[in-house]
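# My questions are about this predicted structure, shown below with the sequence.
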Amino acid sequence: MPAPHNPFKAALKEGNIQMGCWLGLADPYLAEVSAHAGFDWLLIDGEHAPNDLRSIIAQMQVIAAGKSHAVVRPVIGETWMIKQLLDAGAQTLLVPMVEGAEQARELVAAVTYPPHGVRGVGSALARASGFAGIPDYLTTARDEICLLVQVENRKGIAALDDILNVEGVDGVFIGPSDLAADMGHIGNPGHPDVEIAVLDAMNKIVASNKAGGILTLQPGMQKKCLELGATFVATAVDVTLFAAAIRKSAQEAQSLRNGFP
Ligand SMILES: O=C(O)C(=O)C[C@H](O)[C@@H](O)CO
């Protein structure tokens, strides 16, 4: 019996668009709500949300029971961190701040067992192997792991062609917020210079036959990236949605109260 099939990786390979949502509320109860909403993928954010290994596992567990695929973002692409997340059952990783081909090759090695990689062998204890319930996990796991890297500063953009030549990287995600900051337009990912850089990079990614991805709340940018051939596009953030809704509700409550003496 092989490692669990990764439908998200298969969809990207076939060029099937996958629409996603960012999960920053760092809670399995709330992740479960999103898991039944209808997104193709949900990003469990270990970089900017208050997640740890346990909270990431809990969110993966509830997402597994829903209709979405869990994509896990570590704080940074450290080999030991990737080892833990893969053993915990993550099959798709989105690694932030990738700036060069050598770093990308190290990430490929981190998701690959020896002799071709350096992923530590712990399947006997791992949720990923069904707690040793999947006899062929060690020999089939790599094929079902989807490695996505983030290019999100000028150094990464300059190295994009080299990164795209790294075998074993399945997709490249452009991070407009960090790219905007590095380009001198912090807080303004919609700046014309940033948009040009994002779309140029997306063009290159798609042309390389790797999957192109982005998170953008701008409908115009979402459409442009899809038109260029991006296949994993996040269009929502749970924190943003919740915060806006709860603020609106509070304002309505106060307006109602103000109508009384
Ligand atoms: O740089 C970006 O944009 C991303 O990588 C996404 C952000 O980290 C996410 O937190 C939304 O701002």
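Now that the structure is in, tell me what you want to look at. Residues are numbered from 1 along each chain as shown.
# Could you pull up phi and psi at Val151?
Phi and psi for Val151, reported as degrees, to the nearest 10, are phi -110, psi 120.
# mind checking pLDDT for it?
Note for Val151: predicted pLDDT of 98.
# Wait, it touches Ala158, no?
No - with contacts counted by Cβ atoms under 8 Å, Val151 stays clear of Ala158, the gap being 9.6 Å. Where you see a C-beta, it was placed from the backbone N, CA and C, and this is true even at glycine.
# If you count surrounding residues, which of the two has more?
Val151 (29 against 12; other Cβ atoms under 10 Å).
# what's the neighbour count on Ala124?
10.
# Tell me which residues touch the residue in the stretch 51-200 of the chain positioned nearest to the ligand, please.
Closest contact between the stretch 51-200 of the chain and the ligand, by Cβ to the nearest ligand atom, is at Gly175 (2.6 Å). Residues near Gly175 by Cβ atoms under 8 Å, 6 or more residues apart in numbering: 96, 150-152, 214-215.
# how many neighbours does the residue in the stretch 1-150 of the chain that the ligand sits nearest to have?
Relative to the ligand, the nearest point of the stretch 1-150 of the chain is His48 (4.3 Å; Cβ to the nearest ligand atom). Applying other Cβ under 10 Å, we find 14 residues neighbouring His48.
# got it, and the one 10 residues further on?
Neighbour count for Ala58, taken as other Cβ under 10 Å: 19.
# when you give positions from now on, start the count at 91
Sure, I'll start counting at 91 from here, so that last one is Ala148.
# Hmm, the residue of the stretch 91-240 of the chain closest to the ligand is touching Gly114, no?
Yes - with contact defined as Cβ under 8 Å, His138 reaches Gly114; the gap is 6.4 Å.
# Tell me the pLDDT of the residue nearest the centre of the chain.
In the chain, the C-alpha nearest the mean C-alpha coordinate belongs to Leu184, at 4.1 Å (Cα atoms, centre = their mean). Per-residue pLDDT puts Leu184 at 99.
# Can you list phi and psi of it for me?
phi -120, psi 110.
# Contact residues of this protein facing the ligand?
Neighbours of the ligand within the chain, by Cβ under 6 Å from any ligand atom: 138, 240, 242, 265-268, 305.
# which residue ranges form the strands in the stretch 191-340 of the chain?
Using DSSP state E, counting those that start in this stretch, the strands of the stretch 191-340 of the chain run over 236-241, 261-264, 301-305, 322-327.
# Okay, now the sheet partners of the third one, with direction.
When you say that, I think you mean strand 301-305. strand 261-264 (parallel), strand 322-327 (parallel) (DSSP bridges).
# if you average pLDDT over that strand, what comes out?
The model assigns strand 301-305 a mean pLDDT of 98.
# outside of it, which residues touch it?
By Cβ under 8 Å, 6+ apart, the list of residues contacting strand 301-305 reads 102-103, 110, 112, 133, 184, 238, 260-266, 288, 292, 295-296, 311, 315, 318-325, 327.
# Which of the helices or strands spans Gly110?
strand 108-113 (DSSP states H and E).
# What's the mean pLDDT across that strand?
Strand 108-113 comes out at a mean pLDDT of 98.
# Going by neighbour count, which residues of it are buried?
108-113 (16 or more other Cβ atoms under 10 Å).
# and what of stretch 179-192?
Neighbour-count burial for stretch 179-192, with 16+ other Cβ under 10 Å as criterion, is recorded at 179-191.
# now stretch 113-132
So for stretch 113-132, counting by 16+ other Cβ under 10 Å, buried means 113-118, 120-122, 124-125, 129-132.
# That stretch: end-to-end distance?
7 Å (Cα to Cα, to the nearest Å).
# Over to stretch 93-113?
End-to-end distance (Cα to Cα), stretch 93-113: 26 Å.
# Equivalent analysis for stretch 263-280, please.
Start-to-end span of stretch 263-280 (Cα to Cα) is 17 Å.
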